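> sequence first, then the predicted structure:
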Amino acid sequence: MKVPVLKQCTLTDVLNNERQRKKRRKTLPPREEAAAEEVKVKEEEKDVVVVVDDASSSSWKCSILAENFNRVIQHAFQRYSHTFTGKEISLVQVMKELPLESKALFIRLFMRRTQWFRTNQLKRYVEITKLKEALNVLSEKKLLISMNERTPELAVLLKMLDMKELRMFAAKAIANTNTKRMRQEELREALRKNCKAEGLGKLESGVREHLGECVAVEAVAMDVVKHMQFTYFLNDVYGLERFVIKGRYPKYETNVRNELFKTRKELFDFRAASRAYEELEEALFQNDTNRMIPIVRESCTKIGFILSEEDWRRISDEKGSTVLSSPELPKTTDLPVLQQCFTASFIHVRIAHHGISLLEKHKRYADAIELIQVLLGRTECKSKRGEWWNRFCIDLEHIGKATTSLEVAEAALADTWLRVGPLLSIQRRILRLGKPPRRWKKPAFAERASWTPKERKFVGRPTNRKRSVKSTFVGFDDADVTVETLAIQYYGKEEHGGWNGLHSENGIWSTIFSLVMWDILFSDLPDVFQHPFQIAPLDLDTDYFYPQRKDAIEKRLEQISAEAIAPELIETVWDEHFPAKTMCMGLNWEKYTKEQLVTIVHCVGGPGLAAMMRLLAQDHKHWRSGMPDLVLWRTEPSYSARLVEVKGPRDTLADHQRAWLSELAFSGLEV
């Protein structure tokens with residue numbers, strides 16, 4: 001197979017390509033005809049999902065919204081009817097029997113996630129040709145309420161006003177205040193304060209009169225649809241809006257054999273835990289320790305680690321925690337790994353994991369050690385075990401127990417979930433602490449764990465010396481560039497090899513993995529595809545992925561290594577899925593071209609590429625990060641490639657990155 005040689009893309013090329021794209025768009029058939037050709041619903045499962053496009057006809061759009069909503073209802077009651085009460089089932093039946101436009105409007109209002117809506121602004125939904133009639137039906141069925149039935153608070157009323165309207169009311173209600181430079185939230189706050197001073201009468205009635213007729217989705221109906229939605233998507237991140245976003249999902253069979261939730265309580269406990277984790281993530285993003293502590297403390301209590309809220313907030317080197325032998329959430333479970341991920345205990349362990357850093361932040365190392373031992377004694381979140389073992393050893397050294405730290409590190413090696421960066425970190429700790437007289441014999445892994453990559457140094461002129469800000473340098477083209485771009489320019493010079501280069505990190509290898517393993521990723525296996533909106537199988541980041549597909553994966557890797565079929569695989573999958581930009585985890589259609597990918601895999605070579613793909617297939621969760629920053633390649637004098645990790649003046653090599661470089665070097669790749 002002839003491998004294309006890459007060339008520089010000029011501005012003229014870009015403009016010509018854009019003209020060609022516009023020309024192709026003009027020759028496309030009408031949207032409705034194209035959509036009608038693509039929509040083929042299976043009679044058995046009816047799992048084909050149609051995405052609504054704003055250019056579609058009104059009646060067609062209503063039909064698709066209703067059809068997809070019916071699919072969610074059908075799924076919920078086929079698999080999880082036991083999690084609904086009798087009243088909820090009756091309410092869902094009402095929703096199912098709604099007229100077409102009323103159902104489409106209800107779905108649209110639910111997806112907005114807003115409390116109240118001004119009816120005169122609902123005309124934006126052009127597919128609802130009889131808006132008043134649709135609203136009347138939803139009100140009669142008790143799915144919508146009006147302000148006559150329930151009066152919203154002033155804060156809610158003010159949220160329905162736009163900037164121009166807020167300024168109009170502020171000009172009347174707030175004297176001697178310049179509101180022109182105030183933002184919407186500031187205007188609302190100013191109006192609320194004014195209202196408190198003068199009473200609720202005049203301003204609130206004025207806003208209500210100005211807003212006109214308003215409606216809201218009934219809270220009970222909202223909760224029931226959220227319940228159905230959750231059973232379909234298995235999270236609160238995805239929702240019915242998946243049906244109206246533009247984008248194509250991969251084709252696969254939804255072969256579900258096991259129920260994830262046996263009871264209503266299991267499902268609602270999982271949802272509550274998931275919401276707590278989302279709140280924790282938000283607090284972490286805002287670095288709000290006061291919000292984090294109650295969430296973490298509650299989850300730790302559920303798994304048997306008891307520490308008072310006062311102690312969570314207090315710096316101390318004294319141990320204040322106690323451990324329950326029989327916690328609220330049992331320590332072990334017989335559930336398969338895939339199903340464990342959908343239990344409340346799995347989420348609470350993920351939350352409790354963040355308690356380690358909170359305790360260490362307050363120098364409560366003895367309590368952190370207790371919490372780590374509680375976590376290591378459980379069966380959930382096995383992918384975190386490597387990090388827990390490392391923190392265990394580090395905290396033991398913090399309290400002056402180096403010998404115990406060495407013994408724990410040696411014991412950790414027996415844990416099969418100690419992998420990649422954490423494994424290398426433990427091995428290096430053993431080599432550091434296990435010197436005579438503590439240990440006289442070198443372990444078998446000594447040579448590989450102590451391996452250091454070859455360094456190449458060059459000097460750059462920094463243009464930025466600020467802390468916590470990415471460093472920039474004067475490039476070889478005299479422009480301000482990052483250290484990675486500077487390295488690409490350095491290697492691009494003839495005297496340094498004349499390499500082509502990309503700053504890719506994990507992206508390019510994840511993209512190549514998805515392309516060469518596409519059919520294996522989306523093969524028909526039980527329970528790994530639960531709904532039509534997945535971009536990867538549910539077990540991709542578990543130990544369940546590789547064993548279930550071992551024969552197919554090993555056969556593919558052998559073909560990549562011995563027969564060099566990777567370029568052909570990339571071209572085939574690219575030609576089939578690139579026009580629609582079919583979504584897949586790790587795959588970036590925009591960042592790389594087909595020609596780049598084909599050339600790079602040819603330069604890397606079959607054996608080297610197979611070694612990388614094997615690591616990703618065997619343990620995708622741990623190996624999908626830490627890959628070298630740059631991929632360099634050249635076609636003259638021969639096809640060759642090099643992977644380079646770039647470090648600036650203040651950067652250090654992490655164990656995860658060191659593990660990747662070691663694996664690549666021992667696989668015969670140039671690093």
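Cool, got the structure. Residues are numbered from 1 along each chain as shown.
> could you pull out the helices for the stretch 1-150 of the chain?
If DSSP state H, counting those that start in this stretch is used as the criterion, the helices of the stretch 1-150 of the chain fall at 11-26, 31-38, 58-79, 86-96, 100-112, 131-140.
> quickly, which of those helices bottoms out on average pLDDT?
Among those, helix 31-38 has the lowest mean pLDDT, at a mean of 35.
> show me the shaky parts of the stretch 101-250 of the chain.
Residues of the stretch 101-250 of the chain meeting the criterion pLDDT under 70: 175-177, 195-200, 244-246.
> quick one, strands of it?
117-118, 144-146, 214-217 (DSSP state E, counting those that start in this stretch).
> just say which of those strands is most tucked in.
strand 214-217 (a mean of 20; mean count of other Cβ atoms under 10 Å). C-beta here means a position set from N, CA and C on the backbone, and glycine is covered the same way.
> coming back round to it: now render the strands of the stretch 101-250 of the chain as JSON lines, adding distance to residue 467.
Shown next, in JSON lines, are the strands of the stretch 101-250 of the chain (distance: least, Cβ to Cβ, whole Å):
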{"stretch": "strand 117-118", "distance to residue 467": "48"}
{"stretch": "strand 144-146", "distance to residue 467": "54"}
{"stretch": "strand 214-217", "distance to residue 467": "49"}
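> closest to residue 170 out of the ones you listed?
strand 117-118 (19.3 Å; Cβ to Cβ).
> residues contacting that closest one, please?
Here strand 117-118 makes contact (Cβ atoms under 8 Å, 6 or more residues apart in numbering) with 109, 160, 211-216.
> for stretch 319-338, same thing?
Contacts of stretch 319-338 (Cβ under 8 Å, 6+ apart): 301-308, 311, 340, 343-345, 348, 364, 366-367, 370-371, 373-374, 377-380, 382, 527-528, 538-539, 542-544.
> which of those residues are buried?
Among these, those buried by neighbour count (16 or more other Cβ atoms under 10 Å) are 301-305, 307, 311, 340, 343-345, 348, 364, 366-367, 370-371, 374, 378-380, 382, 527-528, 538-539, 542-544.
> inside helices: which ones of those?
Under the assignment DSSP state H, the buried ones among the contacts of stretch 319-338 contribute 301-302, 311, 340, 344-345, 348, 366-367, 370-371, 374 to helices.
> closest to residue 623 out of these?
Closest to residue 623 out of these is residue 340 (21.4 Å), distances taken as Cβ to Cβ.
> give me the pLDDT value at that closest one.
For residue 340, pLDDT reads 87.
> next up, the contacts around it.
333, 346, 379-380.
> same thing but at 6 Å, please
346, 380 (Cβ atoms under 6 Å, 6 or more residues apart in numbering).
> likewise for residue 137?
residue 102.
> neighbours around the nearest residue to residue 616 once chain neighbours are set aside, how many?
In space, and not counting its chain neighbours, residue 616 is closest to residue 513: 4.9 Å by Cβ to Cβ, 6 or more residues apart in numbering. Using other Cβ atoms under 10 Å, residue 513 has 25 neighbouring residues.
> if I look at residue 513, how far off is residue 601?
11 Å (Cβ to Cβ, to the nearest Å).
> likewise for residue 185?
On the measure of Cβ to Cβ, residue 185 and residue 601 end up 51 Å apart.
> just residue 532 next, same as before
31 Å.
> more crowded one of these two?
residue 601 (26 against 20).
> tell me where the stretch 501-650 of the chain has strands.
So, for the stretch 501-650 of the chain - with DSSP E, counting those that start in this stretch - the strands run 630-634, 640-644.
> could you check the angle the first one makes with strand 640-644?
Counting by axes from the mean of the first three to the mean of the last three Cα atoms, to 10 degrees, strand 630-634 lies at 160 degrees to strand 640-644.
> would you confirm that residue 503 contacts residue 483?
No. Look at residue 503 against residue 483 with Cβ atoms under 6 Å: they stay out of range, at 9.8 Å.
> out of the strands of the stretch 501-650 of the chain, which is the most enclosed?
Highest mean neighbour count among these (mean count of other Cβ under 10 Å): strand 630-634, a mean of 22.
> which strands or helices does that strand pack on?
strand 500-503, strand 640-644 (3 or more Cβ pairs under 6 Å, 6 or more residues apart in numbering; DSSP states H and E).
> let me have the ones you listed in TSV, extended by mean pLDDT and distance to residue 258.
Formatted as TSV, the helices and strands packed on strand 630-634 follow (pLDDT from 0 to 100; distance: least, Cβ to Cβ, whole Å):
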stretch	mean pLDDT	distance to residue 258
strand 500-503	92	42
strand 640-644	92	41
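> and the end-to-end length of stretch 616-623?
6 Å (Cα to Cα, to the nearest Å).
> now do that stretch: distance to the chain's middle.
Relative to the mean C-alpha coordinate of its chain, stretch 616-623 is positioned 16 Å out (Cα atoms, centre = their mean, to the nearest Å).
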